[in-house]
Structure formats: structure tokens, C-alpha cells
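Asks: give me a model of this one.
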Amino acid sequence: MPVAGSWLMMLNNLDVHLWSLAKQLFGAVDFMHQHGVAHMDLKPQNILIPHNGGHLSIIDFNTSLCVKGVGHKFGGIVGTTGYIAPEVAAGNGLYSAICADLWSCGKTLEELCIKCHPSMDHDTLLEISRQLMDEDPEKRPTMSDVLGRLARCTVDATTTPDSLR
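Replies: Numbering: from 1, shown residues only. Prediction:
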């Protein structure tokens, strides 16, 4: 199915859409992981936003891996410099592809947050991005955990629309 849209970082009013984007990104990554797929190249350039609103799309599954869970281990360096989890970049052994995706998702979220003005939503999401980028892969929260945390948060209604427009 063809997908048309703009790159994630080209979105106007990123401050207004930050919360919605983060929830959509976390939901998409959680869906992949729940269905046995680790992307292995999550980065802003692999996320599209539709021109007419709607949900983001993750693209470029060329390096994705089939996984049997967080404990399924792989070797080899995969991904784009700057978005590769430290344990993958080190190339010193086996790693969890799911944990590597969590780090890359955190890095992508951090880049989004850096482009936004401080707010309650911004601060919450920046904290989550730092947790996802923990040096210890076993300390990174799963996407399901992150989505549960977001569901319990109060959203700043002045900066968050119901959907992307």
C-alpha cells in the first residue's frame, strides 16, 4: 500500500503535535514488537506524517528482524549511525533487537523534544526518551510500559490536539 506524506521532522507546529506523535510512535513500535518484528533502523527519516492528517507511518523495513520476544538475541551491527543502540554499535556480542529498537525510539523522541519548547508534556516525554536510551538494555521500559504511563498522564490541553492536522 503506498504511503504519501512528509518526513516527521518537517511537521509544522511540532510543539502542538508532540504528545500525539509520541503516542503514535510508541503504539506503532509496540504493535511491531507484539507481532514479532524489530525494525532495527528507527529514526525520524523512517517516519512519515500524512499531508491530510491521520496516523504516522513507519517505513523502510529492509533491516527488520523477526523476533520471538525481548530475550531473542542477534549479532552484527545494523542501523544508521546516531540511532544505533550502544550495545549494537559496540559489536561485542549478542543483543536484544527489541531493546535496540527501544533505544532508537528514545533517540527519535529526544530529537523531537529538542525541537520543542519546554512544557509539562515535553518534560514528561524527554524523561521517557532518556529512560529508553538507558545504557543498560535491561533497564529500558517496554513500549507497553511506556504506553501505560502515558495513559495515566494528564495532557497539557493547550499544546495537544486530538490528532495530527
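Asks: please make it C-alpha for all contacts and neighbour counts, starting now.
Replies: Fine.
Asks: residues touching the one residue sitting closest to the centre of the chain, list them.
Replies: Centroid-nearest residue in the chain: residue 105, 2.8 Å away (criterion: C-alpha atoms, centre = their mean). Residue 105 makes contact with 25-26, 42-43, 129, 132, according to C-alpha atoms under 8 Å, 6 or more residues apart in numbering.
Asks: at 7 Å what do you get?
Replies: With contact set as C-alpha atoms under 7 Å, 6 or more residues apart in numbering, residue 105 has these partners: residue 42.
Asks: any chance you could read off phi and psi for the closest residue in space to residue 76 that isn't next to it in sequence?
Replies: Nearest residue to residue 76 in three dimensions, chain neighbours excluded: residue 91, at 6.1 Å (C-alpha to C-alpha, 6 or more residues apart in numbering). Backbone torsions of residue 91, given as degrees, to the nearest 10, read phi 60, psi 30.
Asks: any idea of the pLDDT on residue 91?
Replies: Note for residue 91: predicted pLDDT of 92.
Asks: which residues of this protein fall in helices?
Replies: With DSSP state H as the criterion, the chain has helices at 14-34, 86-90, 97-114, 120-132, 143-152.
Asks: and of the ones you listed, who's closest to residue 63?
Replies: Across those, residue 63 has its closest neighbour in helix 97-114 (10.9 Å, C-alpha to C-alpha).
Asks: mind checking how far that closest one is from the chain centre?
Replies: Distance of helix 97-114 from its chain centroid, counting by C-alpha atoms, centre = their mean, to the nearest Å, is 5 Å.
Asks: likewise for stretch 20-29?
Replies: Offset of stretch 20-29 from its chain centre (C-alpha atoms, centre = their mean): 7 Å.
Asks: packing partners for the worst-scoring helix or strand of the chain on mean pLDDT?
Replies: Across the helices and strands of the chain, mean pLDDT, DSSP states H and E gives its lowest value to strand 6-7, namely a mean of 76. Strand 6-7 is packed against strand 47-49, with contacts defined by 3 or more C-alpha pairs under 7 Å, 6 or more residues apart in numbering; DSSP states H and E.
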